[in-house]
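Chemist: Got a sequence here, can you build the structure:
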Amino acid sequence: MKKIILILLMALGVSVVSVAQDEGGDKPNGGRIEALKIAYITKKLNLSTEEAQRFWPIYNQYMDEIKKTRIDARQNQEGELPTEEKLLNIRKKYNGEFNKALSSEKVNTFFKAEKEFSTGLQKELMERRMQRMENRKPFRNN
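Modeler: Residues are numbered from 1 along each chain as shown. Presented below is the predicted three-dimensional model:
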């Protein structure tokens, strides 16, 4: 288990640092969120040492393409559908790449875990936003 954690930390160290630098400017918790996502995926996939060595470099390339596409879409003010289509094409491309490193079952688990994390994150952010709004309401005395 210690070997797996060490390998993951080494494989992800560069990615997490670059993500923190990339997203740190306009998203203060970007690096922290990425680290939480990586931990969530790691737990869901339960990778062997060999699988981790093959998976994480591909994952880093995948995330680089996803981020670049989102940044380009934002800068070019692309519509939602063209952006989603580009993201889907990236997922399709990397589905094949991930299948070279993992079983198809684990690849499916990865994509599900990624979606679950995003959904959970959105829900958490919305709840926090609502709570902040509630706390801002002035107290009324009847």
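Chemist: Helices of the chain, residue ranges please.
Modeler: In the chain, the helices defined using DSSP state H lie at 2-24, 30-45, 49-75, 80-101, 104-136.
Chemist: need those in JSON lines with mean pLDDT and mean neighbour count, can you?
Modeler: Bear in mind the C-beta positions are built from the backbone N, C-alpha and C, glycine included. Output for the helices of the chain, formatted as JSON lines (pLDDT from 0 to 100; neighbours: other CB atoms under 10 Å):
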{"stretch": "helix 2-24", "mean pLDDT": "44", "mean neighbour count": "14"}
{"stretch": "helix 30-45", "mean pLDDT": "89", "mean neighbour count": "16"}
{"stretch": "helix 49-75", "mean pLDDT": "94", "mean neighbour count": "16"}
{"stretch": "helix 80-101", "mean pLDDT": "95", "mean neighbour count": "14"}
{"stretch": "helix 104-136", "mean pLDDT": "92", "mean neighbour count": "12"}
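Chemist: Distance of Gln122 relative to Gln131?
Modeler: 15 Å (CB to CB, to the nearest Å).
Chemist: One more: Gly120?
Modeler: 16 Å.
Chemist: what does Glu114 give?
Modeler: Taking CB to CB, one finds Glu114 at 26 Å from Gln131.
Chemist: And for Trp56?
Modeler: 35 Å.
Chemist: Check Lys43 too.
Modeler: 27 Å.
Chemist: go on, Asn95?
Modeler: For Asn95, the distance to Gln131 - CB to CB - is 38 Å.
Chemist: ok, Ile71 - contacts?
Modeler: Under the criterion of CB atoms under 8 Å, 6 or more residues apart in numbering, Ile71 has no neighbours.
Chemist: correction: Tyr62
Modeler: 90, 94, 97-98.
Chemist: Could you do Arg70 as well?
Modeler: Contacts of Arg70 by CB under 8 Å, 6+ apart are 83, 87.
Chemist: now swap in Leu36 and tell me
Modeler: So Leu36 contacts Phe117 (CB under 8 Å, 6+ apart).
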